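> Output the structure for:
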Amino acid sequence: MVTPPAGSFQTVLIIDLGSQYTQLIARRIRELHVYSEIVDNQITAEAIQARGNVIGLILSGGPNSVYRFGSPLIDAKILKLKIPLLGICYGLQLLGQLRGSRIEDAKRSEFGKTELWIDHHEDSILFRGLNPNLICWMSHGDVLTRPPRGALLTAHTDATPVAAFEDHARGHYAVQFHPEVTHTPWGIDLLRNFVYDACLARGDWTMGNFIEMSVDDIRSACGKRGEVICAVSGGVDSLCTAALVDRAVGTRLNSIFVDHGFLRADEGNKVVSAWREHFTSKLVRVNAAQRFLTKLKGVADPERKRKIIGREFIKVFEEEARQRERARFLAQGTLYPDVIESSGIGLHAHVIKTHHNVGGLPRRMKLKLIEPLRDLFKDEVRRLGLELGLPRPMVYRQPFPGPGLAIRIIGEVTAARLKILRQADKIVRDEIEFAEMARPWQYFAVLPAVKTVGVMGDQRTYGYPLIIRAVQSEDAMTADFSRIPYKNLERISSRIINEIPGINRVCLDITSKPPATIEWE
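Numbers count the residues shown, from 1 in each chain. Model prediction:
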């Protein structure tokens with residue numbers, strides 16, 4: 001597998017201890033132009049040292065109590081490494097316990113916005129340049145009773161005697177609150193102080209550097225003769241992948257657009273047109289709609305759908321590869337959130353769902369994988385697209401899952417249901433795109449394969465409900481539902497009911513992520 005040369009960048013490792021914010025910590029560090037990577041808590045001190053490029057470590061939060069049996073631990077030898085370490089929430093408590101301090105049940109738990117007081121402000125690295133009295137976001141029921149021996153108390157609250165401590169000699173830093181969340185508005189400044197003042201980061205994680213090193217890596221892996229087949233869907237992920245490979249191997253890139261029949265209205269033609277307008281390399285369109293639909297006959301389970309589509313997707317590429325004797329590689333736009341959600345990084349993480357380009361791959365592939373975006377979050381991919389010179393409308397195209405409408409039909413996928421959903425989805429998108437309102441990050445329709453009772457023209461109907469899903473997000477790791485004005489919702493509902501036979505009810509999904517996911521499957 002060919003992936004970006006992340007090992008060439010200075011790296012901050014986030015050791016996952018079960019926090020719902022672990023991925024957010026990684027994003028915040030990258031926003032500071034420092035590469036970050038999430039690893040599970042089983043990583044050893046030797047493994048960290050062997051990487052050679054790790055300049056900082058962060059222990060994430062977590063829902064456990066450090067004194068309870070089975071709670072996540074770390075290799076104690078990590079504390080002896082000459083690498084600055086920051087503990088967050090549970091990470092503070094674990095670091096304190098490993099250094100001999102006592103953890104107790106808090107007399108008063110703290111959840112939500114909390115007033116924080118800075119101690120020894122002039123001696124602190126984490127709080128350098130910040131006010132001595134701040135508001136932070138707390139979420140804990142245990143407290144550290146005193147700082148470890150040799151450490152300096154640097155913050156407290158009314159209920160938490162040790163809200164932060166620092167040991168400059170050992171390079172140990174810890175905070176009880178969550179600096180990575182937006183509810184701690186100055187948290188990014190604290191993280192900046194850690195990575196630049198404690199870890200002495202250079203800030204070498206830029207898209208310009210990423211492009212240069214990725215192109216060299218792809219070119220080296222492919223050699224002088226190997227041809228590459230690139231999966232193209234029209235989305236920013238596949239387009240950025242194609243652009244990187246194109247820079248690396250030029251005319252040896254064979255881009256293939258597999259039209260699996262689950263695209264939005266007229267989207268297949270738009271993909272081909274956009275490619276011809278902005279790329280010089282060849283694009284082959286493979287119409288496999290009936291083939292995919294046949295494979296999904298009778299399948300309702302979402303994981304089976306994704307894996308079937310993933311396997312069939314790869315088979316189509318392998319068939320295309322047989323027509324190209326020199327084809328040795330398959331390039332696709334797998335992103336870091338895909339890997340996290342599909343693999344469940346960390347022993348205390350859960351597999352949320354299998355992504356079509358991760359969990360659906362066969363164990364024995366005939367093509368070697370090139371995944372140049374595997375270490376990037378969605379917002380980083382968009383910055384990459386602009387850096388590569390891709391047109392802005394293509395870079396900011398609304399996210400669309402690889403399995404397409406097949407996972408927006410909850411239940412079996414049929415031609416009739418696809419037609420209904422495709423028409424409804426077009427109405428939802430058209431009405432939102434042309435409305436005078438702040439446009440959501442992602443907006444679409446979902447069709448549950450159940451029927452509900454309705455009434456039209458004094459007659460009883462038995463039709464499908466249609467769900468509207470619209471969210472605000474930056475990278476799909478977290479999301480909040482969009483507040484669409486009632487007048488726009490009313491127009492969408494009226495059009496769908498009147499224009500699409502088979503639907504008699506329109507609903508709105510107002511769930512954030514977490515606890516829900518953006519897609520229904």
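> all helices of the protein, in order?
Residue ranges of the helices in the chain, as given by DSSP state H, are 22-31, 45-51, 90-98, 187-192, 207-222, 236-249, 267-278, 289-295, 302-322, 336-343, 378-387, 392-395, 415-433, 486-499.
> Which other helices and strands does the shortest one contact?
Under the contact criterion of 3 or more CB pairs under 8 Å, 6 or more residues apart in numbering; DSSP states H and E, the helices and strands touching helix 392-395 comprise helix 236-249, helix 378-387. C-betas here are computed from N, CA, C, even on glycine.
> closest to residue 166 out of these?
Of all those, the one in closest proximity to residue 166, counting by CB to CB, is helix 378-387 (30.4 Å).
> my guess is residue 258 meets residue 310, correct?
No - with contact defined as CB atoms under 8 Å, residue 258 does not count as touching residue 310 (11.6 Å).
> contact partners of the longest strand seen in the chain?
The strand that spans the most residues within the chain, counting by DSSP state E, is strand 103-118. Contact with strand 103-118 is made by 65-67, 93, 96-97, 124, 127, 130-145, 154-160, 163, 177, 183, as judged by CB atoms under 8 Å, 6 or more residues apart in numbering.
> go again using 7 Å as the cut-off
Contacting residues not belonging to strand 103-118 are listed as 66-67, 93, 96-97, 124, 127, 132-145, 154-157, 159-160, 163, 177, 183 [CB atoms under 7 Å, 6 or more residues apart in numbering].
> Then stretch 52-65?
Residues from elsewhere that reach stretch 52-65, judged by CB under 7 Å, 6+ apart: 7, 9-19, 21-22, 25, 48, 71-72, 74, 78, 83-91, 94-95, 142, 178, 194-195, 199-201, 348.
> do stretch 179-198 as well
In this structure, residues lying in contact with stretch 179-198 by CB under 7 Å, 6+ apart are 12, 21, 24-25, 28-29, 31-32, 34, 56, 84, 86, 88, 113, 125-130, 134, 136-137, 171, 173, 177-178, 201.
> CA atoms only for that stretch - export them in PDB, please.
Coordinates of the C-alpha atoms in stretch 179-198 are reproduced here as PDB (Å, rounded to 0.1, in the frame of the first residue of the first chain):
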ATOM      1  CA  PRO A 179      -8.800  22.500  25.300                       C
ATOM      2  CA  GLU A 180      -9.800  20.900  22.000                       C
ATOM      3  CA  VAL A 181     -13.500  21.800  22.100                       C
ATOM      4  CA  THR A 182     -14.900  25.100  20.900                       C
ATOM      5  CA  HIS A 183     -16.500  25.600  24.400                       C
ATOM      6  CA  THR A 184     -13.000  26.300  25.600                       C
ATOM      7  CA  PRO A 185     -12.500  29.200  23.100                       C
ATOM      8  CA  TRP A 186      -8.800  29.800  24.000                       C
ATOM      9  CA  GLY A 187      -8.000  26.100  24.000                       C
ATOM     10  CA  ILE A 188      -6.200  26.300  20.600                       C
ATOM     11  CA  ASP A 189      -3.800  28.800  22.200                       C
ATOM     12  CA  LEU A 190      -3.000  26.400  24.900                       C
ATOM     13  CA  LEU A 191      -2.400  23.600  22.400                       C
ATOM     14  CA  ARG A 192      -0.200  26.000  20.300                       C
ATOM     15  CA  ASN A 193       1.900  26.700  23.400                       C
ATOM     16  CA  PHE A 194       2.300  23.000  24.000                       C
ATOM     17  CA  VAL A 195       3.400  22.100  20.400                       C
ATOM     18  CA  TYR A 196       5.600  25.100  19.700                       C
ATOM     19  CA  ASP A 197       7.000  26.100  23.200                       C
ATOM     20  CA  ALA A 198       7.200  22.700  24.800                       C
END
